[in-house]
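Colleague: Please work out how this folds:
(one chain, ligands or ions: 2)
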Amino acid sequence: MIAIGGRSALAGGTPSSSRGLGIGIEPPSSSSPKPGFVALSDLGSVNSRLSFKGSIRIKAMEGSRTVTVSETDLNTNGHAGNLGKSQSLLSSIGNSTNIQWHECSVNKVERQKLLKQKGCVIWITGLSASGKSSVACALSQILHRRGKLSYILDGDNVRHGLNRDLSFKAEDRAENIRRVGEVAKLFADAGVLCIASLISPYKRDRDACRALLPDGDFIEVFMDVPLQVCEERDPKGLYKLARAGKIKGFTGIDDPYEAPLNSEIVLTHKGGDCDSPIEMAEEVISYLEEKGFLQA
Ligand SMILES: Nc1ncnc2c1ncn2[C@@H]1O[C@H](COP(=O)(O)OS(=O)(=O)O)[C@@H](OP(=O)(O)O)[C@H]1O
Ligand SMILES: Nc1ncnc2c1ncn2[C@@H]1O[C@H](COP(=O)(O)OP(=O)(O)O)[C@@H](O)[C@H]1O
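Modeller: Ligands and ions are numbered 1, 2, ... in the order given. As a prediction, the model looks like this:
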């Protein structure tokens, strides 16, 4: 039995980040492939409909299997784009079976030309009251004045709708971040400068969102503000409630915040005469300018 294996989606879903995938031979006695491997014989009708030309390339994701034809057939999303009619591609992603990616000639590059900017995700992480929303808003205002299209995905706001079913227990926070990461990726694909502002306390969840984007397009901004300062600000009175035991599992009090170690931008609280949100946002603007995101 031939088996094809690769890294999980958490390790990266784009063509460049999924290098290292390989084709392996499963022992004939093996009844089920190893985790992360897909038995070709299991692909059934999908397999029989594929007519391969060039090298076979497999993109394996956790709980998914996707068969592509050759690297040159992949578009900027890492999905098969210009396959001929005889080279149909069906995938199973999570619980979605027999699905196929549809491509349009109005693509990310075209949208970016229209908007005269490059889509990306600016991911602002930090404790509650560290100033995430203030910086996100200041950044959006500056960009707007400069004729650049941005959109804010704020944790508090997204929890009013899309993520209203999620609590603050660890697995729900992870799902919150995953969904916002996926939505942010769509905004970036639309050519928008997407500003995500969430506590996002766990490194693994932030890194999974980073892995959704092409290299360089995920810009992590760490609000490096001591807990004591956040607690003194406490604009919503939540720290007080958490200290009184009236809110359980509050980040920084009785739930962890894993500070990032390799953020693209660190906005540090410099004591009494701290930078204003506008000054902090200007730092982000400089980064975006330097990296060419403010032009097509
Ligand atoms: N238990 C607990 N821990 C932390 N925060 C709490 C909690 N309960 C409610 N809140 C309020 O929810 C806001 C954070 O939502 P997020 O979606 O950004 O959180 S997370 O990324 O899923 O951890 C956060 O808003 P910000 O202050 O803007 O960060 C809080 O107002
Ligand atoms: N750079 C700053 N210096 C002083 N106070 C700030 C700064 N940024 C935000 N604040 C204040 O701190 C509180 C929390 O800010 P907010 O942006 O809502 O944080 P978060 O979104 O991280 O919870 C607000 O009262 C806000 O006015």
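Colleague: which residues are there in the stretch 151-296 of the chain that come within reach of ligand 2?
Modeller: 233, 235, 274, 275, 276, 277 (Cβ under 6 Å from any ligand atom). Every C-beta, even on glycine, is put in place using the N, C-alpha and C of the backbone.
Colleague: give the contact list for the fifth one.
Modeller: With contact taken as Cβ atoms under 8 Å, 6 or more residues apart in numbering, residue 276 is in contact with residue 138.
Colleague: any weak-confidence spans in the stretch 1-150 of the chain?
Modeller: Within the stretch 1-150 of the chain, the ranges that satisfy pLDDT under 70 run 1-88.
Colleague: Return the residues of it in contact with ligand 1.
Modeller: Contact residues (Cβ under 6 Å from any ligand atom) of the stretch 1-150 of the chain with ligand 1: 128, 129, 132, 133.
Colleague: Closest one to ligand 1 out of these, please.
Modeller: Nearest to ligand 1, judged by Cβ to the nearest ligand atom, of these is residue 128 at 3.4 Å.
Colleague: Could you count how many residues lie near that closest one?
Modeller: Applying other Cβ atoms under 10 Å, we find 24 residues neighbouring residue 128.
Colleague: I'd guessed it sits against residue 253; true?
Modeller: No. Shown here, residue 128 and residue 253 do not form a contact pair, counting by Cβ atoms under 8 Å, at 9.6 Å.
Colleague: Find residues that contact each of these two.
Modeller: Common neighbours of residue 128 and residue 253, counting by Cβ under 8 Å, 6+ apart, are residue 239.
Colleague: Return the set of buried residues in the longest helix anywhere in the chain.
Modeller: Ranked by residue count, the top helix of the chain under DSSP state H comes out as helix 170-189. Applying a neighbour-count criterion of 16 or more other Cβ atoms under 10 Å, one finds 173-177, 180-181, 183-185, 187-189 buried in helix 170-189.
Colleague: tell me the contacts of the residue in the stretch 51-200 of the chain that ligand 1 sits nearest to?
Modeller: In the stretch 51-200 of the chain, no residue comes nearer to ligand 1 than residue 155, which is 2.3 Å away by Cβ to the nearest ligand atom. Counting by Cβ under 8 Å, 6+ apart, residue 155 touches 176, 180, 197, 198, 199, 200.
Colleague: Ok, residue 150 next?
Modeller: Residues near residue 150 by Cβ under 8 Å, 6+ apart: 139, 140, 143, 144, 192, 193, 194, 195.
Colleague: Generate a ChimeraX selection restricted to the buried subset of these.
Modeller: Here is the ChimeraX command that selects the buried residues among the contacts of residue 150 (16+ other Cβ under 10 Å):
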select :139,140,143,192,193,194,195
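Colleague: What is the nearest of the contacts of residue 150 to residue 257?
Modeller: Relative to residue 257, the closest of the contacts of residue 150 is residue 195; by Cβ to Cβ it sits at 19.9 Å.
Colleague: Show me the beta-bridge partners of the closest one.
Modeller: Beta-bridge pairing for residue 195 (DSSP bridges): residue 122, residue 152.
Colleague: Find me the pLDDT at it, would you?
Modeller: For residue 195, the model assigns a pLDDT of 99.
Colleague: Residue 274 too?
Modeller: Predicted confidence (pLDDT) for residue 274: 87.
Colleague: Please apply the same query to the one 3 residues further on.
Modeller: Residue-level confidence at residue 277 comes out at 98, pLDDT.
Colleague: who's in contact with it?
Modeller: Residue 277 makes contact with 131, 134, 135, 137, 138, according to Cβ under 8 Å, 6+ apart.
Colleague: likewise residue 278?
Modeller: 138, 142 are the contacts of residue 278 under Cβ under 8 Å, 6+ apart.
Colleague: So which bits of the one helix or strand it maps to are buried?
Modeller: Assigned by DSSP states H and E, residue 278 belongs to helix 277-290. Neighbour counts over helix 277-290 (16+ other Cβ under 10 Å) mark 277, 280, 281, 283, 284, 285, 288 as buried.
Colleague: before we move on, what about stretch 214-223?
Modeller: 214, 217, 218, 219, 220, 221, 222, 223.
Colleague: returning to that earlier point: now for the contacts of residue 150, which pair is the farthest apart?
Modeller: Across those (Cβ to Cβ), the longest gap, 14.0 Å, separates 144 and 194.
Colleague: tell me which parts of the stretch 1-150 of the chain are close to ligand 2?
Modeller: Going by Cβ under 6 Å from any ligand atom, the residues of the stretch 1-150 of the chain near ligand 2 are 126, 128, 129, 130, 131, 132, 133, 134.
Colleague: how about the last one, secondary structure?
Modeller: Read it as residue 134. Secondary structure, DSSP: H, G, I helix; E, B strand; the rest coil: residue 134 is helix.
Colleague: Okay then, goodbye and thanks.
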